[in-house]
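Student: curious how this folds, go ahead:
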Amino acid sequence: MNKNKPIIGLINLGCPKNQVDAEIMLGMLADNGYKINLDQEKADIIIINTCSFIKDAEKESVRAIVRLAESGKKIVITGCLAQKYKQELAEAVPEALAVIGTGDIADIVNIIDAVSKGKTGH
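Tutor: Model (predicted):
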């Protein structure tokens, strides 16, 4: 494991598909030397896996994004809300290191590598 890599956290919201996507992303990151810690206080970067199809989960996704952005946490927004509103989220949440739709989760390792080196993934 590379000690220079950030610790990754996750907030997963929405449907069972999101759970599968979250497990895939975390598995890929762990396989590439990232430590996973679901304690938000111990995570360096938090992936917020969002939902836009279940109305309550969409509201919860927006609340989680705002709360973490305001707290100063480094966040990466993923999921169907990110897919549907990528440009709007990138503009509304400049604190987000990256906004990644469902079609781009296979690139999560490259994106986290890039943002951990100071590049943005908008």
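
Student: and Phe53, which of the three is it?
Tutor: coil (DSSP: H, G, I helix; E, B strand; the rest coil).

Student: so Gln80 sits against Thr102, correct?
Tutor: Careful, residue 80 is Cys and not Gln. Yes - with the criterion set as Cβ atoms under 8 Å, Cys80 and Thr102 qualify as a contacting pair; they are 5.6 Å apart. Just so you know, the C-beta spots here come from the backbone N, C-alpha and C atoms, and that holds for glycine as well.

Student: how about the nearest residue to Gly72 once chain neighbours are set aside, what does it touch?
Tutor: For Gly72, ignoring the flanking residues on the chain, the nearest one in space by Cβ to Cβ, 6 or more residues apart in numbering is Glu95 at 7.8 Å. Neighbour list for Glu95: Ala69, Gly72, Ile75 [criterion: Cβ atoms under 8 Å, 6 or more residues apart in numbering].

Student: phi, psi for the nearest residue to the first one once chain neighbours are set aside please.
Tutor: Beyond its immediate neighbours in the sequence, the residue positioned closest to Ala69 (Cβ to Cβ, 6+ apart) is Glu95, lying 4.1 Å away. Dihedral angles of Glu95 (phi, psi; degrees, to the nearest 10) stand at phi -70, psi -20.
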